[in-house]
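Colleague: From the sequence below, what's the structure:
(2 chains)
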Number of protein chains: 2
Amino acid sequence: MSAERDANDIFSEFKEHSIAEFFKKNRQMLGYAGAVRSLVTVVHEYVTNSIDACEEAGVLPNISVKVTQTGESRYLVRVQDNGPGIPKKYIGKALATILAGTKFHRYVQQRGQQGIGAAGCTLFAQTSTGKPVHAESRTASGEHYTCSVSIDTLRNKPVVENLADSLMESTGLIVEAEFAQVKYENSDHGVYEYIKRTALANPHAQIEFTDPTGKEYTFVRSVDTVPEIPKAARPHPLGIAVNDMLEFAHKSESRKVSVFLAETFARVSEGKVEELRGLVGAILDKNPGQLTWDEAEALVNAIKQVKWMAPDASMIRAIGAERIKLALSNILGPDFMHVVERKPQIFNGGVPFIVEAAVAYGGGAGRKVEDEYEGSVLRFANRVPLLFDSGSCAIMVAARGVQWKRYGIDLESQPVSVFVNVSSIYIPYSGVGKEAIAQEDEIIEEIKLALMDAARGVQHYIRGRQQVSAETSKYKTISRYAKQLSKDISTLTGTSQQEVEKSLEELITKHYPKASGGEKEEAAPEGSGEEEESMESSAEEE
Amino acid sequence: MSAERDANDIFSEFKEHSIAEFFKKNRQMLGYAGAVRSLVTVVHEYVTNSIDACEEAGVLPNISVKVTQTGESRYLVRVQDNGPGIPKKYIGKALATILAGTKFHRYVQQRGQQGIGAAGCTLFAQTSTGKPVHAESRTASGEHYTCSVSIDTLRNKPVVENLADSLMESTGLIVEAEFAQVKYENSDHGVYEYIKRTALANPHAQIEFTDPTGKEYTFVRSVDTVPEIPKAARPHPLGIAVNDMLEFAHKSESRKVSVFLAETFARVSEGKVEELRGLVGAILDKNPGQLTWDEAEALVNAIKQVKWMAPDASMIRAIGAERIKLALSNILGPDFMHVVERKPQIFNGGVPFIVEAAVAYGGGAGRKVEDEYEGSVLRFANRVPLLFDSGSCAIMVAARGVQWKRYGIDLESQPVSVFVNVSSIYIPYSGVGKEAIAQEDEIIEEIKLALMDAARGVQHYIRGRQQVSAETSKYKTISRYAKQLSKDISTLTGTSQQEVEKSLEELITKHYPKASGGEKEEAAPEGSGEEEESMESSAEEE
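Modeller: This next block holds a predicted model:
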């Protein structure tokens, strides 16, 4: 056994590391694990940023994605958008600095929220092929340029080189990068599926995709209006954590806590301030800059005792039941569906969120794959498809918690697709790779309720279908026997076989009208008739 | 629709953020999601660091953990160890700087590897209760002090305050911190279970635990030798990525690539260098500092064509079959088990790893819980228990891939515990919270093989048990009837009932020797007899 080592000896090896070095070593945490997934992650990061940029600039997104094979396990990815472009002086920070971004500090709903995605792609490109990312952009002010971008990982600083003029004629951004240790696959977890689902949740976006065989796909936009530019919002006071309260207070320029509360949070009316005064008294007259932890805690506890108006939904941009229906019809073309848009809820930390859910039946719904269940639940967070880590995702936990069979639904054997989109200013992703929503109880519960709503909306239709299918099966069996039977009866009684057959047929048809096709329209009246009704969102119901 | 926004306007909001701010906002990524899990994460981080510190100093770990409730959803956690302590000048970096550590840059096996854990606890304490972490330490050089530690999150810099003298008499570290939004629960995912499993995988550690009710548990060490201090090792050339090759080369002080290869990597003999020369020629005579990406790529490809000796196992500290057996006996006390220690393998990036697996049957094995399957697979990475995110973990994926029933095993209905420990200098965790091993194909495959080995080792025993159990059931039924039958026969024939009963009993016992207890030893011969054999590791078999 070796001698004891002294602490000073051990700690002399102490070092600090840049976040870029950390993710270079742990790139699987960013989603770069497995060849197929790694390629999807790249496309995901670029497409997400492009749609965000277009929306922020108020333009309808036109995005083109091209994946070209350049060698064994090597692919070139090119994404072009018609967004506002990136000014030259910000290109390095935007594409090659981890934790830099416009989104991180704002209380506003966007797809990206971390300032990690695009820089992660750059890191992955340069560590897998040694090549920088090629960028090309034009902005509204007329700036246009091309350059190559990489990260100095030791310092997490961008390296921008080969600046040159660009011939781009309209505003936007092109990124092009080559990656190794990746693989294009036409599976439920591949790039094509990712883009298809992106189109599904973003009916206002037009996406063109060229796969490595050169085949071109166009996902045509089904809605011609840009979603409103997301507004930076004020947080709801209910459920706000003590440390957040303290931080907001210390940043405030108000002279009094009462004013600070009204200015910082939503729904804090004069009446509510008076209610709070009854609970915490003099704290409301303090300077917020001098608020202590204990006072902030008292304030947070008082807030919990007051009855508040629900948070304002306007700061959350859900897709909308109408648009979901259009998109599902467009892309899955189901025989029937029910779409639910729930009212905003709050989760841990006072953050409002909205759940939208749909159950679609028949047509292109419920693609059968090896792992059937996974295939039929389409998960989205702020309209971004989540393709991986389903096992640990709040959406899957909620879906597993629904007793589908109570609604006549069997996800593993019926052509059913379940759609869930969670929208929020802050999505609590379980990992840096943003592939799963953390299992927050309030979120799971709300998704479950939404799914139950949606399931209820299709149960009559599915039961009708099942009944038809059961009757058809019985009808066929009996009709088969009827042929033999009529022959036997004819021999036995001397009546003509044709006559016996005809009366038997009439008898059977009378018993199984739906199956025999005689009253087909009546068989599935919900199919078309209820479509209108099924559009009603729960939000509108109250 | 709003007017288009200009890119310069949008990007004027660009900011860089500290990694501490990032994790403050996304603490669920560090494992702080859910009240029960958050508390386990705290204990996990402190205990992991303590055991690492003891091992690095070459002392047998004595660790005491105390969890005290201080309010609703509020707990105080105190962990004390007998390690080398932390010098005063490093305490801030060790406990309150994210991405600072002694472990990150070394190629050496340790539990912690990120430099995030302890600082994450500090972040969680100060954001949930507003209180700093209290630290107390004494080092071998005689330094002894107490202080409070917190993080300046905007800059990711430590704040060390209230420095005072300490009365600690021997070397070690005490950390004590209060956390809110946490919960102590006596479940399969709770602190007690975490500590129990830690003891299981660290039989050289003595751990005392006081739960919130004041109840004290002692997990006595079952092995009295400190594991050897892990050595920093040279990576194996096979499978090394191009960017790593380039990075190693550029850091090298050797004059020639050939010398650099022999000095940097394991298993590069003169003979192997000559084989490489046949493939890449002049590259070997270059100055490694001037190696280009293409040359490094050629080198990496050449390395793949050469046959190499397997990596040296000595740099990986597995637990060892003998110790696993002792620990399992100690803590689960199963009726029978089979332990497998496999030979080192390599995964993506040239990193060697060792899988150890065991299947234990009967006794305290296979605790029945709601989620049965989860309960019966005990996952470990470098001896650290993994309690969460099982769905996305390579160990669970491998376990699900084993056809247990082929070995007579049913994890959901039998008292079976499955133990898997993956040891490596670099464990590819899927998230920053280090709760699951990423699904690398080579790792999954190797775990599967280990589990199949272990399952084979218990199948005879389990089949024997099942046979005994089936026979016992038949024996009991028949014996019950025999009583009535002998009475009837006696009445019918006039023979004495006792006599009839005796001969019937003899008849039955002859038919069901195992069940009747007459030949109990023979019934489960593997139970004791094969124990020795079951200790043989696969590593020794070749």
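Colleague: and the residue nearest to A:Ser166 when sequence neighbours are not counted, what are its bridge partners?
Modeller: Leaving aside its sequence neighbours, A:Ser166 sits nearest to A:His144 (CB to CB, 6 or more residues apart in numbering or on different chains; 4.3 Å). Every C-beta, even on glycine, is put in place using the N, C-alpha and C of the backbone. Counting by DSSP bridges, A:His144 is bridged to A:Arg138.
Colleague: So A:His144 is in contact with A:Ser137, correct?
Modeller: Yes. Under the criterion of CB atoms under 8 Å, A:His144 makes contact with A:Ser137 at 7.0 Å.
Colleague: overlap in contacts of the two?
Modeller: A:Ser166, A:Met168 (CB atoms under 8 Å, 6 or more residues apart in numbering or on different chains).
Colleague: neighbour-wise, which of these two wins?
Modeller: A:Ser137 (27 against 18; other CB atoms under 10 Å in any protein chain shown).
Colleague: Quick check: the gap between that one and A:Ser148.
Modeller: Going from A:Ser137 to A:Ser148 by CB to CB, to the nearest Å gives 13 Å.
Colleague: repeat for A:Phe23
Modeller: For A:Phe23, the distance to A:Ser148 (CB to CB) stands at 20 Å.
Colleague: Nearest to chain B: which residue in the stretch 201-350 of chain A?
Modeller: Distance from chain B to each residue of the stretch 201-350 of chain A (CB to the nearest CB) is smallest for A:Trp293, at 3.5 Å.
Colleague: The residue nearest to that residue when sequence neighbours are not counted sits in which helix or strand?
Modeller: Nearest non-adjacent residue to A:Trp293, counting by CB to CB, 6+ apart: B:Gly130, 3.5 Å away. If you go by DSSP states H and E, B:Gly130 is not part of any helix or strand.
Colleague: next helix or strand past whatever helix or strand A:Ser423 lives in?
Modeller: For A:Ser423, the host element (DSSP H and E) is strand A:416-424. Next along the chain after strand A:416-424, taking DSSP H and E as the criterion, comes helix A:441-493.
Colleague: other SSEs contacting the strand holding A:Ser423?
Modeller: helix A:321-331, strand A:351-361, helix A:372-376, strand A:377-381, helix A:394-401, helix A:441-493 (3 or more CB pairs under 8 Å, 6 or more residues apart in numbering or on different chains; DSSP states H and E).
Colleague: Just the buried positions in the first one, please.
Modeller: Along helix A:321-331, the positions that meet the burial threshold by neighbour count (16 or more other CB atoms under 10 Å in any protein chain shown) are A:Ala321, A:Arg323, A:Ile324, A:Lys325, A:Leu326, A:Ala327, A:Leu328, A:Asn330, A:Ile331.
Colleague: so how many other residues sit close to A:Gln498?
Modeller: 10.
Colleague: and if you look at A:Ser141?
Modeller: For A:Ser141, using other CB under 10 Å, the count is 14.
Colleague: Checking it next. Helix, strand or coil?
Modeller: Secondary structure for A:Ser141, judged by DSSP: H, G, I helix; E, B strand; the rest coil, is coil.
Colleague: show me the contacts for it.
Modeller: A:Pro87, B:Asp6, B:Ala7, B:Asn8.
Colleague: which non-adjacent residue is nearest the closest residue to chain B within the stretch 351-500 of chain A?
Modeller: The minimum distance from the stretch 351-500 of chain A to chain B, using CB to the nearest CB, falls at A:Gly391 (2.6 Å). Distances taken as CB to CB, 6+ apart place B:Gly391 nearest to A:Gly391, at 2.6 Å, with adjacent residues excluded.
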